[in-house]
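J.: The following comprises the amino acid sequence and a computationally predicted model.
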Amino acid sequence: MRYIIIGAGAVGATIGGRLAETGREVVLVARGPHAEALRTKGLRLTTADGERVHRLPVATHPDDLGALRPDDVLVLTVKTQDAVAALDTWGAAEVAGGGTAAQRLPLLCAQNGVESERLALRRFARVYGVCLWLPATFLEPGVVSALCTPLTGILHLGRAAGGSDERIRAVAADLEASGFEAPVVEDVMRWKYAKLLRNVGNAIQVTTGPEPDPAKAALLLRAVREAEAAFAAAGIGYTSDAEQSAARDGKVQEPPGVRGGSSWQSLARGTGSVEADYLNGEIALLGRLHGVPTPVNEVLRHAANIFAREALPPGAMSITDLTALADEAAGRG
């Protein structure tokens, strides 16, 4: 199998680099200065094992590769707000022997949130979910670190519509040989909805900074409680804290001093967008559909988007001010 990593940022480059270390064939898809750095200097990936430079093929568009191969596996690692463009571009790519990628090739959605699987299933016949437990940092173009031990990450895998098959088990075997734990599960979206409960706090980190604070923890708890109520009203199941702890504890340990999470990194790099519409916005959507108030998540979504649009520095808002906005919104509700 050849792995085409569509969006080789922190997560994508880590997965691609680790697969390449064990002899798997990998193509990195990137754009702009990052693509140029990957082409000219290679991918400089630092893990707990040390730093290595990977000289891998780099593409910006399917045309760079010619006809795709029947054994290609597409791994979508762009942020959800960029998913439609990537799905349309790569879904239309021709595959040697006939047909398109959307018709013939497997697509793995290795992203936070739960929307990309739905977007992909509208276009691709074979869609798999990947629940990421993979702290990684994009340091500069061409340079990524993923320093967790003893594993680089844990990636739960399964068919997006439920179940599993031989193809995803083969992918899991490659990942397992490359520094990851990769359990194949029959209910991968339960894992992704549970991860979403954690990700509703990304907007707090974006706006008030990554430093721990009891007031941040209190606001996060309010956002999580809204999400849990929305899930219950919608009949959505998710893995329990006990299940997650049993699967993860002691396996992916972050060293001290690691930078903020994925949304924080997007803001720090000035990308102009964050995933809030598909994290806190997913909770707001469920709330509106099922009559559950979600004022805290709506405030967090709105605040994070303002920071991204106006290129405000991450952490420029006080938790006192953010909590006051949430309190006001809850009072209006």
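T.: Good, I have the coordinates.

J.: all contacts plus neighbour counts: C-alpha atoms, from now on.
T.: Noted.

J.: Quick check: end-to-end length of stretch 149-163?
T.: 30 Å (Cα to Cα, to the nearest Å).

J.: which stretches of this protein have low pLDDT?
T.: 257-259, 333 (pLDDT under 70).

J.: all strands of it, in order?
T.: Taking DSSP state E, the strands of the chain run over residues 2-6, 25-29, 43-47, 50-54, 58-59, 72-76, 106-110, 126-133, 137-140, 143-146, 149-150, 153-159, 180-181, 252-253.

J.: got the ones you listed as JSON lines, with distance to L325 and mean neighbour count columns?
T.: Listed next are the strands of the chain as JSON lines, based on distance: least, Cα to Cα, whole Å; neighbours: other Cα atoms under 10 Å:
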{"stretch": "strand 2-6", "distance to L325": "37", "mean neighbour count": "23"}
{"stretch": "strand 25-29", "distance to L325": "40", "mean neighbour count": "23"}
{"stretch": "strand 43-47", "distance to L325": "40", "mean neighbour count": "22"}
{"stretch": "strand 50-54", "distance to L325": "44", "mean neighbour count": "14"}
{"stretch": "strand 58-59", "distance to L325": "44", "mean neighbour count": "22"}
{"stretch": "strand 72-76", "distance to L325": "35", "mean neighbour count": "23"}
{"stretch": "strand 106-110", "distance to L325": "33", "mean neighbour count": "26"}
{"stretch": "strand 126-133", "distance to L325": "31", "mean neighbour count": "23"}
{"stretch": "strand 137-140", "distance to L325": "30", "mean neighbour count": "19"}
{"stretch": "strand 143-146", "distance to L325": "35", "mean neighbour count": "24"}
{"stretch": "strand 149-150", "distance to L325": "38", "mean neighbour count": "16"}
{"stretch": "strand 153-159", "distance to L325": "36", "mean neighbour count": "25"}
{"stretch": "strand 180-181", "distance to L325": "40", "mean neighbour count": "23"}
{"stretch": "strand 252-253", "distance to L325": "34", "mean neighbour count": "18"}
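
J.: Using CSV, lay out the ones you listed together with distance to K192.
T.: Listed next are these as CSV, based on distance: least, Cα to Cα, whole Å:
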stretch, distance to K192
strand 2-6, 20
strand 25-29, 24
strand 43-47, 25
strand 50-54, 30
strand 58-59, 29
strand 72-76, 15
strand 106-110, 10
strand 126-133, 5
strand 137-140, 21
strand 143-146, 21
strand 149-150, 22
strand 153-159, 9
strand 180-181, 16
strand 252-253, 17
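
J.: tell me what the longest helix belonging to the chain is packed against?
T.: The helix that spans the most residues within the chain, counting by DSSP state H, is helix 214-234. If you count contacts as 3 or more Cα pairs under 8 Å, 6 or more residues apart in numbering; DSSP states H and E, helix 214-234 packs onto helix 188-199, helix 280-290, helix 295-309, helix 319-332.

J.: I'd like to know which of those helices lies nearest to P33.
T.: helix 295-309 (20.1 Å; Cα to Cα).

J.: to the chain's geometric centre, what's the distance from the closest one?
T.: Distance, stretch centre to chain centre, for helix 295-309: 19 Å (Cα atoms, centre = their mean, to the nearest Å).

J.: Buried residues of it, list them for me.
T.: Residues of helix 295-309 classed as buried under the neighbour-count rule (16 or more other Cα atoms under 10 Å) are 295-308.

J.: Run the angle between it and helix 319-332 for me.
T.: 130 degrees (axes from the mean of the first three to the mean of the last three Cα atoms, to 10 degrees).

J.: Who are the packing partners of helix 295-309?
T.: Helix 295-309 sits against helix 202-208, helix 214-234, helix 280-290, helix 319-332, with contacts defined as 3+ Cα pairs under 8 Å, 6+ apart.

J.: Mind doing that once more with 10 Å?
T.: If contacts are counted by 3 or more Cα pairs under 10 Å, 6 or more residues apart in numbering; DSSP states H and E, helix 295-309 sits against helix 202-208, helix 214-234, helix 262-268, helix 280-290, helix 319-332.

J.: Who are the contact partners of L147?
T.: Applying Cα atoms under 10 Å, 6 or more residues apart in numbering, we find L147 in contact with 45-50, 134-137, 153, 252-255, 258.

J.: Roughly how far does P135 sit from P33?
T.: In terms of Cα to Cα, P135 sits 23 Å off from P33.

J.: out of these two, which sits in the more crowded spot?
T.: P135 (23 against 12; other Cα atoms under 10 Å).

J.: Looks like the more buried one contacts Q265 (just checking).
T.: No: between P135 and Q265 there is no contact under Cα atoms under 10 Å: 11.5 Å.

J.: still on that earlier bit, please export the alpha-carbon coordinates of the longest helix of the chain; PDB is fine.
T.: Backbone C-alpha positions of helix 214-234 (Å, rounded to 0.1, in the frame of the first residue of the first chain) are rendered in PDB as follows:
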ATOM      1  CA  PRO A 214      -9.300  26.700  37.800                       C
ATOM      2  CA  ALA A 215     -11.500  29.200  36.100                       C
ATOM      3  CA  LYS A 216     -10.700  27.600  32.700                       C
ATOM      4  CA  ALA A 217     -11.400  24.200  34.000                       C
ATOM      5  CA  ALA A 218     -14.800  25.400  35.300                       C
ATOM      6  CA  LEU A 219     -15.800  26.900  32.000                       C
ATOM      7  CA  LEU A 220     -14.600  23.800  30.200                       C
ATOM      8  CA  LEU A 221     -16.800  21.700  32.500                       C
ATOM      9  CA  ARG A 222     -19.800  23.800  31.500                       C
ATOM     10  CA  ALA A 223     -19.100  23.300  27.800                       C
ATOM     11  CA  VAL A 224     -18.700  19.600  28.300                       C
ATOM     12  CA  ARG A 225     -22.000  19.300  30.200                       C
ATOM     13  CA  GLU A 226     -23.800  21.100  27.400                       C
ATOM     14  CA  ALA A 227     -22.300  18.600  24.900                       C
ATOM     15  CA  GLU A 228     -23.300  15.600  27.000                       C
ATOM     16  CA  ALA A 229     -26.900  16.900  27.200                       C
ATOM     17  CA  ALA A 230     -26.900  17.500  23.400                       C
ATOM     18  CA  PHE A 231     -25.600  14.000  22.800                       C
ATOM     19  CA  ALA A 232     -28.200  12.500  25.100                       C
ATOM     20  CA  ALA A 233     -31.000  14.400  23.400                       C
ATOM     21  CA  ALA A 234     -29.700  13.200  20.000                       C
END
